[in-house]
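>>> What follows is a predicted protein model with its sequence.
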Amino acid sequence: MDIRMNVGMLRTALETAPDARLHLMLPSGEFVPAHFHVTEVGRVHKDFIDCGGTTRSTTSCVLQVWVAGDVEHRLSTTRLAGILRLAAPILGSDELPVEVEYEAGVVSQYPVAAAEVTPAGVLLHLGSKHTDCLAPERCGVGENGACGPTLGCC
């Protein structure tokens, strides 16, 4: 899923269903346990050089999700919308794409692809992130993903 919600879209979706329960669905169709906490809301900026030598940068809003032993805990839409409002000075923009950082064996980041109001609350559909060569013309990456022998791989 390449669609990504930004901070403003997420806050609007949360405010559409005040005090509703929040559910996170992983790309596999499994759910993050309902008693998750959002332990951080951060603005993450990354400057890098791709394998072709082009300088690039990305900035996103990352919601760190943690599951504790307090199984009665539930995060409401109103509470998360309030946390996003508190984080506004740090985030700096409602246009930042939102990702959820969650650990289930390994720490992974998932773009928030969509929000859906259901009878059970607000369901956030989490998408997938993938690695890719950003300069295939410089690396000689062919259609099958193989590197060219003269340019070498990144």
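Looks like it came in fine.
>>> Give me the phi and psi angles of Gly8.
Per-residue torsions, Gly8: phi -60, psi -40 (degrees, to the nearest 10).
>>> Isn't it up against Glu95?
Yes. Taking CB atoms under 8 Å as the definition, Gly8 is a contact partner of Glu95 at 6.9 Å. Placement of C-beta: from N, CA and C, glycine included.
>>> just checking, what's the longest helix in this structure?
With residue count as the measure and DSSP state H as the assignment, the chain has helix 77-91 as its longest helix.
>>> what ranges do the helices span in the protein?
Under the criterion DSSP H, the chain carries helices at the ranges 7-16, 77-91, 136-139.
>>> Pull the contacting residues for Ala34.
Arg21, His23, Arg74 (CB atoms under 8 Å, 6 or more residues apart in numbering).
>>> Nearest residue to the first one in space, please, no chain neighbours.
Just to be clear, that refers to Arg21. Beyond its immediate neighbours in the sequence, the residue positioned closest to Arg21 (CB to CB, 6 or more residues apart in numbering) is Gly121, lying 3.4 Å away.
>>> Now do the one you found, the pLDDT please.
At Gly121 the predicted local confidence, pLDDT, stands at 95.
>>> Now tabulate the helices of the chain in TSV and tack on mean neighbour count and distance to Val112.
Putting the helices of the chain into TSV (neighbours: other CB atoms under 10 Å; distance: least, CB to CB, whole Å) gives the following:
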stretch	mean neighbour count	distance to Val112
helix 7-16	18	6
helix 77-91	15	11
helix 136-139	15	28
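>>> Pro33: which of these is closest?
helix 77-91 (16.1 Å; CB to CB).
>>> List the neighbours of that closest one that are in contact with it.
Residues from elsewhere that reach helix 77-91 (CB under 8 Å, 6+ apart): 7, 10-11, 14-15, 17-22, 38, 41-43, 61, 94, 121-122.
>>> Counting neighbours, which of the residues you listed end up buried?
By the neighbour-count criterion of 16 or more other CB atoms under 10 Å, the contacts of helix 77-91 include these buried positions: 7, 10-11, 14, 17, 20, 22, 38, 41, 43, 61, 121-122.
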